[in-house]
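K.L.:
okay, predicted coordinates and the sequence, questions at the end:
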Amino acid sequence: MPFLYRAIGIGFLACCLFALALKLLVPLPAPLGYAPVDLGLGPRVTPVEVVIWYGTEKQAWLEEAARRFQASGETVGVRPITIRLVGMGSREIAERVARQDWSVAPRPVVVSPASSLWTDTLASEWAARNRGRIIADEATPLALTPLVAVAWEQRARLLWPDGAANFWNDLHDAIADEGGWSAVAKARGFGPDTPEGKQAQLWGPVKLGHTSPLTSNSGTQTLVLMAYAFHNKTADLTVADVEDPAFLAWLEEMEVGVYDLGSSTGTLMQQMVQLGPSKYDIVIVYENLAIEYMATGEQRWNQPLRVYYPPATIFSDHPYAILDDPLTSREEREAARRFRDFLLQRPQQELALQSGFRPIDPDVVMSGADPANPFVHYASRGISLDIAAQVESPPAEVLAALLNAWDRRIRPLAPAARP
């Protein structure tokens with residue numbers, strides 16, 4: 001019997017020594033055996049970090065989705081996956097990656113600008129600069145959102161009393177008239193001694209906000225919609241259209257009313273509700289941001305906001321593009337695919353809906369009577385499931401000509417602070 005006890009003891013000690021050696025040599029994903037604490041011995045497991053450069057309009061959704069994903073304990077092999085989100089303008093994302101400029105943020109594994117326009121731009125610019133392809137898989141759309149106007153309701157109803165069928169020309173004429181809101185009131189039949197006229201005098205000039213088209217997707221889309229509206233078309237925009245002197249003169253009159261240009265659509269919407277009507281009367285942003293900040297704006301300024309859809313708008317599809325070798329490793333790409341697949345699952349698509357996005361998943365129903373559905377809750381504020389018309393995305397050469405014309409003629413204008 002003593003021999004048996006000694007054999008058991010020696011066997012147990014041998015097992016412990018074997019486990020200790022294994023811990024010293026192999027990076028196990030958990031503490032040694034079932035010990036309640038990690039002894040800190042052996043190689044440490046380095047997480048696979050997925051750095052995502054994304055358009056800031058998705059911040060609330062992506063941050064919550066990333067928290068859920070990391071809580072799920074997903075791994076690549078034995079290595080846990082961590083998600084690091086870096087927000088910036090959509091055009092800036094494409095340009096910095098094409099130049100391999102990591103001066104403002106760590107090298108990304110994934111880029112997710114607001115529109116696939118910019119992943120296409122990245123692919124073509126990378127090929128021109130470095131040859132080969134840089135997007136590992138086909139860029140996957142995550143959600144949809146149209147471009148809208150958000151305005152303080154009292155002012156918007158004065159500008160568009162019968163609806164916004166003549167959206168861009170009404171806005172242009174209001175901005176171009178030096179009389180500002182007083183001129184709008186007069187044009188609507190309200191004299192300077194009427195309550196409406198007196199109120200309009202207090203509002204000053206008509207103040208429009210949109211982001212810089214040189215850094216932000218929504219700013220670029222705004223210029224595209226203006227060009228289409230001026231030429232009274234929804235497709236086949238040409239280089240001649242965007243370089244037309246009459247259009248550029250009209251655009252210049254419009255852009256004088258843009259008092260500040262930011263690089264982030266999310267920041268623009270945030271500033272509207274923080275700074276109030278003294279800073280912006282109307283901003284051009286994404287529908288999801290209008291929904292996200294609707295309640296905050298009304299509570300802060302004790303007056304409602306309202307959403308208007310241009311007669312023809314443009315959608316963003318929020319692509320998720322995994323970058324290829326040489327910028328990323330095999331494990332980074334695999335980790336990025338795991339997070340992409342997670343974002344496309346129904347719970348995260350429902351989360352996107354709650355954040356004001358139109359889900360890619362067709363099984364996530366947007367209509368119905370659920371008051372928690374923001375498309376139902378804010379219907380009285382102008383949010384609509386139905387989009388009347390969309391414009392065609394212009395070819396790359398037309399877009400380049402439009403941005404060059406804006407940069408050359410509009411960017412230097414005062415009093416706007418141009419980037």
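P.N.:
That came in fine, so what should we check first? In this text the structure is predicted, and so the values were computed from the model without any measurement.
K.L.:
burial count for the residue lying closest to Asp120 once chain neighbours are set aside?
P.N.:
Closest residue in space to Asp120, ignoring its immediate chain neighbours: Ala396 at 7.6 Å, by C-beta to C-beta, 6 or more residues apart in numbering. Bear in mind the C-beta positions are built from the backbone N, C-alpha and C, glycine included. Other residues near Ala396 come to 12 when the count uses other C-beta atoms under 10 Å.
K.L.:
mind listing what Ala396 touches?
P.N.:
If you count contacts by C-beta atoms under 8 Å, 6 or more residues apart in numbering, Ala396 has them with Asp120, Thr121, Ser124.
K.L.:
how about the last one, nearest residue that isn't a chain neighbour?
P.N.:
Nearest in space to Ser124, with sequence neighbours left out and distances taken as C-beta to C-beta, 6+ apart, is Ala396 at 7.1 Å.
K.L.:
where does the one you found fall, phi/psi-wise?
P.N.:
The phi/psi pair for Ala396 (degrees, to the nearest 10) reads phi -60, psi -40.
K.L.:
kindly report the same for Arg306.
P.N.:
Dihedral angles (degrees, to the nearest 10) for Arg306: phi -140, psi 150.
K.L.:
next one: the one 4 residues further on
P.N.:
For Pro310, the backbone dihedrals (degrees, to the nearest 10) come out as phi -60, psi 150.
K.L.:
quick one, helices of the stretch 101-250 of the chain?
P.N.:
All helices of the stretch 101-250 of the chain, identified by DSSP state H, counting those that start in this stretch, fall at 116-130, 153-159, 167-176, 180-187, 195-203, 217-230, 239-242, 245-255.
K.L.:
possible to save these as a markdown table with distance to Gly382, mean pLDDT and mean neighbour count?
P.N.:
Listed next are the helices of the stretch 101-250 of the chain as a markdown table, based on distance: least, C-beta to C-beta, whole Å; pLDDT from 0 to 100; neighbours: other C-beta atoms under 10 Å:
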| stretch | distance to Gly382 | mean pLDDT | mean neighbour count |
| --- | --- | --- | --- |
| helix 116-130 | 26 | 91 | 18 |
| helix 153-159 | 9 | 95 | 18 |
| helix 167-176 | 12 | 95 | 20 |
| helix 180-187 | 19 | 96 | 20 |
| helix 195-203 | 20 | 94 | 16 |
| helix 217-230 | 17 | 96 | 25 |
| helix 239-242 | 29 | 97 | 18 |
| helix 245-255 | 22 | 95 | 16 |
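K.L.:
what sits against Leu223?
P.N.:
Leu223 touches Pro213, Leu251, Leu402, Leu403, Trp406, counting by C-beta under 8 Å, 6+ apart.
K.L.:
now for those residues: which two are most distant?
P.N.:
Pairwise distances across the contacts of Leu223 (C-beta to C-beta) peak at 12.2 Å, for the pair Leu251 and Leu403.
K.L.:
ok, the residue nearest to Ser124 to Leu144 distance?
P.N.:
22 Å (C-beta to C-beta, to the nearest Å).
K.L.:
how about Tyr54?
P.N.:
For Tyr54 relative to Leu144 (C-beta to C-beta), the value is 16 Å.
K.L.:
now do Pro106
P.N.:
Where Leu144 is concerned, Pro106 sits at a distance of 29 Å (C-beta to C-beta).
K.L.:
compare neighbour counts for the two and give me the winner.
P.N.:
Set Pro106 next to Leu144 and count neighbours by other C-beta under 10 Å: Leu144 wins out with 17 against 11.
K.L.:
tell me what angle the host helix or strand of Glu95 forms with helix 217-230.
P.N.:
Here Glu95 is covered by helix 90-99, with elements defined by DSSP states H and E. Interaxial angle, helix 90-99 versus helix 217-230 (axes from the mean of the first three to the mean of the last three C-alpha atoms, to 10 degrees): 120 degrees.
K.L.:
quick one: contacts for the spatially most central residue of the chain?
P.N.:
The centroid of the chain falls nearest to Glu57 when counting by C-alpha atoms, centre = their mean (3.0 Å). Counting by C-beta under 8 Å, 6+ apart, Glu57 touches Ala114, Thr145, Ser218, Thr265, Gly266, Val285, Tyr286, Asn288, Leu289.
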